[in-house]
Every structure is written in C-alpha cells, then in structure tokens.
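1. Structure of the sequence below:
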Amino acid sequence: MEKNIFAANLGSKVSAADEINTSASLINSAETRIMSVRQDVESSTYSNAKINLNASETDFEEALKILNNASSDYEEEIQDIETYKTLAEGGLDRVHSLESLITAMEHSDKSMAYAYSKEFNLSRKELNIANEALNESAASSISAKEKVFTIDPESVPIEQKSSIILLRNDLEASETMHSELRQMMSGMYPYMDGYVCLSNGIEYGDAEEWGKAADEFGKASDKFSESQKILETLKDSEYSEVSVTAIEICGILTQAQKDLPHIEAGCRYMEKGRYYQANAEFNNVSYYY
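-> Coordinates of the predicted model:
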C-alpha cells in the first residue's frame, strides 16, 4: 500500500507528502506482520503472534497520529490522508480481532485439557471465556470490514487497487471463519456435557450401580450425537483452525457412538444379573474408557 509522492515546486501550497509516505510505510509494515500472525495462529505459536500484534498496533497508532495532524492543499493528498486513516483504523480493529481470537483459542485449549483431566466445572468456565472472546473477535472483525469497505478500489491509484481488493477479500474470509468457529464452539458444549455423563457412568459402573451407569452412558451417547451433527459439517472447512479440531473430535465421537450402545446394554444386563450377555456386550467395546 505504499505510495511514493515526490514534492515538486509546490510554491506556497501546503503538502502532506512526507506524512503520507511515512504513514503508508508504517501501515505496510503492520500489514506484513498481521500476515505472519495468521501463520502463527494456525500453528498455535501464540507468544510470537502476540509480539507481532503489539508491533502492528503501535505502527497503526503512529500512522493514525501522523495522519490526524496532517493537512494539505492538494485534493489528491486529502483523499490519500482519509484513505490511509481508514486503513489504520481498520487495521487497529483487525489487531483487536486477532488478539481476541488468540484469547479464544488459548482458553479453548485449556477447556479441553480440563475436560480430559475430568475437571468439568473448570472446563466449562474456560469454554465460556473462549466463547466470549470469540464473539469479541467477530465484532472487531466486522468493525474493520465496515471501515475498509468504505474505500472504493476504483477510487484509489492503480498501484493500490490490488491491495485494497485483497484486504476486502481477507475480511470477508475472516467473517466466514468466525462464523465457523462459533458453530464449532456451539458443538463443544454438548461434547462437554457428553464427557460429564460418560465420567458419571464410569463412576457408577465402578460402584456397580448398573442402572444409573446405563442411564448416564445413554445420555452421553445422545450428547455426543448432538455434538457430532454440528461438528461433522466443519470437517471440510478451508480454515485449519476449524477443520483440524472438527476432524479430531469427530474421530473420537464416531468411536464413542459405536461403543456406548454396547456399554449401556452391558450395564443393563449386569443390573439384571445376566453376566454372560453383559460380557458379550462389553467385549464389543474397542476403546478403553
């Protein structure tokens, strides 16, 4: 998005050429870092992403300060000032969106870790925090889109046109990604509920309270089925943040859906003292719970 403006014989007119060039350079540097942040997020390298986001935020803020104090007697420069101000303001929104997205992913990871260690209250708490951060990320992304889409690609110099179009496309893609991430988050709640029921069923089974165990395993199956219906549609997402998680969890759910009916049936037989039939059902379970 850099634009070279050469000061010619300007006479007594005021030019903002230097301010525009400096701001354009700052914005371009910030945009380059944001692209690397995307890669960091995909690879879960959050600490490096945060460093780059802080640097981008500083560049956007400095560019905005310069542009807010800039003035010019030239119509083209006045238009450039407004364009770059919009890009800087939209850039700050994008920084905030990515910061919130990282927060959402960090807490989502913690939620899964707590779930696997059977600390379900903490897991749900982390999931709620992740969901809230994701909503904040989506709101900031929408704000950035609203700003950037006020810039008509046909109204900017030809050398800037492709950059504006790419930025608009990126923001539209971000909107789609946020929609899919929110859908994935909605599928995590029944997944979490299913794990709670599964854990309860195992505890009842260990205590040989077979009827209660069977009830919990049945509820776990229902919750896992609900989760899988939501997540299954996300396995082919073009965003790795979405597809990888959906594929991994759906793999677990598919196996659980095969095993849980046998576990439930085995518990029902155990409750009735029909041990041979119970063992036959339990032997059909392929995964250790």
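2. Can you give the domain ranges for this protein?
-> Domain assignment for the chain by automatic domain parsing gives 17-151, 188-282.
3. okay, those in JSON lines with mean pLDDT, distance to Ser174 and mean neighbour count next?
-> The C-beta positions use only the backbone N, C-alpha and C, and glycine is treated the same way. Converted to JSON lines, the domains of the chain look like this (pLDDT from 0 to 100; distance: least, CB to CB, whole Å; neighbours: other CB atoms under 10 Å):
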{"stretch": "domain 17-151", "mean pLDDT": "94", "distance to Ser174": "5", "mean neighbour count": "19"}
{"stretch": "domain 188-282", "mean pLDDT": "96", "distance to Ser174": "10", "mean neighbour count": "18"}
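4. so can I have JSON lines of these showing distance to Glu172?
-> JSON lines is the format used below for the domains of the chain (distance: least, CB to CB, whole Å):
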{"stretch": "domain 17-151", "distance to Glu172": "7"}
{"stretch": "domain 188-282", "distance to Glu172": "13"}
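5. contact partners of stretch 111-120?
-> With CB atoms under 8 Å, 6 or more residues apart in numbering as the test, stretch 111-120 has contacts from 122-124, 126-127, 130, 188, 192, 195-196, 199.
6. Pull up the distance across it, start to finish.
-> Chord length of stretch 111-120, first to last residue, is 8 Å (CA to CA, to the nearest Å).
7. could we number from 31 for the rest of this?
-> Taking 31 as the first residue, the last one we looked at is stretch 141-150.
8. Tell me who's in contact with Glu202.
-> Lys175 are the contacts of Glu202 under CB under 8 Å, 6+ apart.
9. Relative to the whole chain's centre, how far out is the longest helix seen in the chain?
-> When the chain is parsed with DSSP state H, its longest helix is helix 188-236. For helix 188-236, the separation from the chain centroid amounts to 6 Å (computed by CA atoms, centre = their mean, to the nearest Å).
10. CA-only coordinates of stretch 283-301, as CSV, when you get a sec.
-> Only the C-alpha atoms of stretch 283-301 are listed here, as CSV (Å, rounded to 0.1, in the frame of the first residue of the first chain):
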residue,chain,number,x,y,z
LEU,A,283,-17.2,-39.2,18.7
THR,A,284,-17.5,-41.7,15.9
GLN,A,285,-15.8,-44.3,18.0
ALA,A,286,-17.8,-43.4,21.1
GLN,A,287,-21.0,-43.7,19.2
LYS,A,288,-20.1,-47.3,18.3
ASP,A,289,-19.0,-48.2,21.8
LEU,A,290,-21.6,-46.5,24.0
PRO,A,291,-24.6,-48.6,23.0
HIS,A,292,-22.7,-51.8,23.9
ILE,A,293,-21.6,-50.3,27.2
GLU,A,294,-25.1,-49.2,28.0
ALA,A,295,-26.5,-52.6,27.1
GLY,A,296,-23.8,-54.3,29.1
CYS,A,297,-24.8,-52.3,32.2
ARG,A,298,-28.5,-53.2,31.7
TYR,A,299,-27.6,-56.9,31.6
MET,A,300,-25.4,-56.5,34.7
GLU,A,301,-28.3,-54.9,36.5
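11. Determine how far it lies from the middle of the whole chain.
-> 34 Å.
12. Can you list the neighbours in contact with it?
-> So stretch 283-301 is in contact with 221, 224, 228, 231, 235, 238, 240-241, 243-244, 247-248, 250-251, 254-255, 257-258, 261, 305, 307-309, 311-312, 314-317, 319, going by CB under 8 Å, 6+ apart.
13. from those residues, which ones fall inside helices?
-> Counting by DSSP H, the part of these found in helices is 221, 224, 228, 231, 235, 240-241, 243-244, 247-248, 250-251, 254-255, 257-258, 261, 305, 307-309, 311-312.
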